[in-house]
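Q: Need the 3D shape of this:
(2 chains)
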Amino acid sequence: MSSDSDRLRLARLALGLYPAAWRDRYGDEVLALMAQSGGGTRAAGSLAWHAVPAWICPPRHLYADRGARMRASLSTVVLAWSILAGFGLAFALLKQLAVPAGVVVMFAGGGKTRFVRIAPYPGILAWTDRASEVALVVSVLAIAAGALPLWLVMLRRARREHRHRDVTRLLMPVLPPAGYLIAVVTETGLIHRHFGIGPEVFLVYVLAGFAAALLGATGLGLALRSMKPRGPAVRFAGRVALLAVASGLVAAIASSTAVVSLYLAARSPLEPVTYSRYLLPVSEYRQLLTHEPYRSTGMLIACLVLITAAAAVAVVSATRGATAATAQPN
Amino acid sequence: MTDRLDRWADPPLLVLASLAGGPKHGYAITHDVAETMGVRLSAGTLYAVISRLEARGLIEPLEADDRRRPYQITAAGAEALAQQAERMSSVIALFRQRLSTRPGLAQS
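A: Numbers count the residues shown, from 1 in each chain, chains lettered A, B, ... in the order given. This is a model prediction of the structure:
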């Protein structure tokens, strides 16, 4: 493969990060400029970086009518909200699968049987847990209530007009997330809580959850783009999206606070835990899922950056959509 | 901090200044800005600026030539550039006046 086609491939990948309306308007021009100026990896990186403001502050002239602005806002909100909800659910799942505080766990291996009592969680978790769970439930209910009328209108129209591809797209926000939730609930019911699960299995859970959520959000976004629905259902969804994002933001802040406090607790020096006459080394104690996921600084920073970016995009986009929905005549 | 003294080179201003010399497409703008003002604009920066300036009505697109679309400055864009030039002239006059009072610096 020539270096020219490599460069253009990189540029196309970077362009893929932009909103569809931006890509449609400027994509060809950008590729022509990249082809002519010979921009390399750095230029593609710069192009990718500028996709962030294109999402956060989309130029108004690209969304000439309010309907288009509301639909674009809804697609963005659902995508960013899915990322936020994904983190919230991953955190809830982690808590569910972690070994509970105060429980005594028995290890057998190396010809010895050892016991460990799980240390108590940081006190701040008492209110962050409750706040994040309540906010997450409110957010899920709001997004479901806001999207349901619009989804039904679009599904009815897609079936009536035999738009099979759009029917498939509209089923994507339902089937993959439902399948994932059923699988997780079934699986966690089979796991003995006191022994938790390994980090690899947990990673599979998380990645599968994000894949299901992103598939759902992409399906809805593509259907909105293809069917261009108008009317009260779109305006209602635009207004309710703001509530969903506001409660999602509360859940994100509470979960992030909890994760940071767990990170600090996991990194603070731990005393070896004794139970009966056995002594468990600190290194083995930390292998438990209870504290292990919170010990990585890089992972913590990456998660916080992603959560902050998703929250910023969701808030700005939901505000724009709600403003357009309120200003819409009729 | 001397490396931050080039902040006068605000990309929207450079693009407006380039288009004040006549309509240009993306590559011509980057080439002109690099040649005349010594600043290299990446494709990402350039089109972020173009989309903002177009949204504010300071530039407008012309008929596309193949995949390349030229842009021209609008009356509002020319006025905004003139105001900014006036502001910059006042600041530069102040710089020169103050520098002229320092011993050992040649006056222009």
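Q: just the helices in the stretch 201-330 of chain A please.
A: A:232-267, A:282-285, A:297-327 (DSSP state H, counting those that start in this stretch).
Q: ditto for chain B
A: B:11-20, B:26-37, B:43-55, B:75-100 (DSSP state H).
Q: TSV for those, including mean pLDDT, distance to chain A and mean neighbour count?
A: Heads up, the C-betas are built off the backbone N, CA and C, glycines and all. Shown next, in TSV, are these (pLDDT from 0 to 100; distance: least, Cβ to the nearest Cβ, whole Å; neighbours: other Cβ atoms under 10 Å in any protein chain shown):
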stretch	mean pLDDT	distance to chain A	mean neighbour count
helix B:11-20	94	11	21
helix B:26-37	92	4	18
helix B:43-55	93	4	23
helix B:75-100	92	14	12
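Q: Which among those helices is found nearest to A:Leu215?
A: helix B:43-55 (28.5 Å; Cβ to Cβ).
Q: re earlier: hey, least reliable of the helices of the stretch 201-330 of chain A by pLDDT?
A: Lowest mean pLDDT within the helices of the stretch 201-330 of chain A: helix A:282-285, at a mean of 43.
Q: now the stretch 1-150 of chain A, which segments are flagged as low pLDDT?
A: A:1-4, A:64, A:94-122 (pLDDT under 70).
Q: how about the nearest residue to the closest residue to chain B within the stretch 201-330 of chain A, chain neighbours excluded?
A: Here the residue of the stretch 201-330 of chain A nearest chain B is A:Arg320; by Cβ to the nearest Cβ that distance is 13.3 Å. Among residues not flanking A:Arg320 along the chain, A:Ser73 sits closest, at 5.2 Å (Cβ to Cβ, 6 or more residues apart in numbering or on different chains).
Q: so how far is A:Gly67 from that neighbour?
A: The gap separating A:Ser73 from A:Gly67 is 11 Å, by Cβ to Cβ, to the nearest Å.
Q: Ok, A:Leu249 next?
A: Relative to A:Gly67, and taking Cβ to Cβ, A:Leu249 is found at 26 Å.
Q: Same question for A:Leu15.
A: Computed as Cβ to Cβ, the A:Leu15 to A:Gly67 distance reads 25 Å.
Q: If you count surrounding residues, which of those two has more?
A: Neighbour count, other Cβ atoms under 10 Å in any protein chain shown: between A:Leu15 and A:Gly67, A:Leu15 has more, with 23 against 18.
Q: Is that one in contact with A:Val30, as I believe?
A: Yes - under the criterion of Cβ atoms under 8 Å, A:Leu15 makes contact with A:Val30 at 6.3 Å.
Q: Nearest to the spatial middle of chain A, which residue is it?
A: For chain A, the residue nearest the mean C-alpha position is A:Ile83 (1.4 Å; Cα atoms, centre = their mean).
Q: who's in contact with it?
A: With contact taken as Cβ atoms under 8 Å, 6 or more residues apart in numbering or on different chains, A:Ile83 is in contact with A:210, A:213-214, A:306-307, A:310.
Q: what's the answer for B:Leu19, then?
A: B:Leu19 touches B:29, B:59, B:71-73, B:77, counting by Cβ under 8 Å, 6+ apart.
Q: Serialize those residues to CSV and add fields for distance to A:Leu224.
A: CSV is the format used below for the contacts of B:Leu19 (distance: Cβ to Cβ, whole Å):
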residue, distance to A:Leu224
B:Ile29, 34
B:Ile59, 30
B:Tyr71, 30
B:Gln72, 34
B:Ile73, 36
B:Gly77, 34
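Q: ok, these vs A:Ile143, which is closest?
A: Among the contacts of B:Leu19, and counting by Cβ to Cβ, the member closest to A:Ile143 is B:Ile59, at 38.6 Å.
Q: where exactly do the helices run in the stretch 51-200 of chain A?
A: Under the criterion DSSP H, counting those that start in this stretch, the stretch 51-200 of chain A contains helices at A:51-56, A:66-97, A:125-160, A:164-171, A:175-190, A:199-227.
Q: Now for A:Ala142, how many residues are close by?
A: A:Ala142: 20 neighbours (other Cβ under 10 Å).
Q: That one and A:Val240 touch, don't they?
A: Yes - counting by Cβ under 8 Å, A:Ala142 touches A:Val240, with 5.6 Å between them.
Q: Give me the most central residue, chain B.
A: Closest residue to the average C-alpha location of chain B: B:Leu14 at 1.5 Å, with Cα atoms, centre = their mean.
Q: so what's the spatially closest residue to it that is not a sequence neighbour up against?
A: Spatial nearest neighbour of B:Leu14, chain neighbours left out: B:Val33 (4.9 Å); criterion: Cβ to Cβ, 6+ apart. B:Val33 makes contact with B:14-15, B:17-18, B:39-41, according to Cβ under 8 Å, 6+ apart.
Q: list the contacts for A:Gly219?
A: Counting by Cβ under 8 Å, 6+ apart, A:Gly219 has contacts A:168-173.
Q: Equivalent analysis for A:Gly179, please.
A: A:Ala212.
Q: Next one: it from chain B, what distance?
A: To chain B, A:Gly179 is 38 Å away according to Cβ to the nearest Cβ, to the nearest Å.
Q: Ok, A:Trp151 next?
A: Counting by Cβ to the nearest Cβ, the gap from A:Trp151 to chain B is 31 Å.
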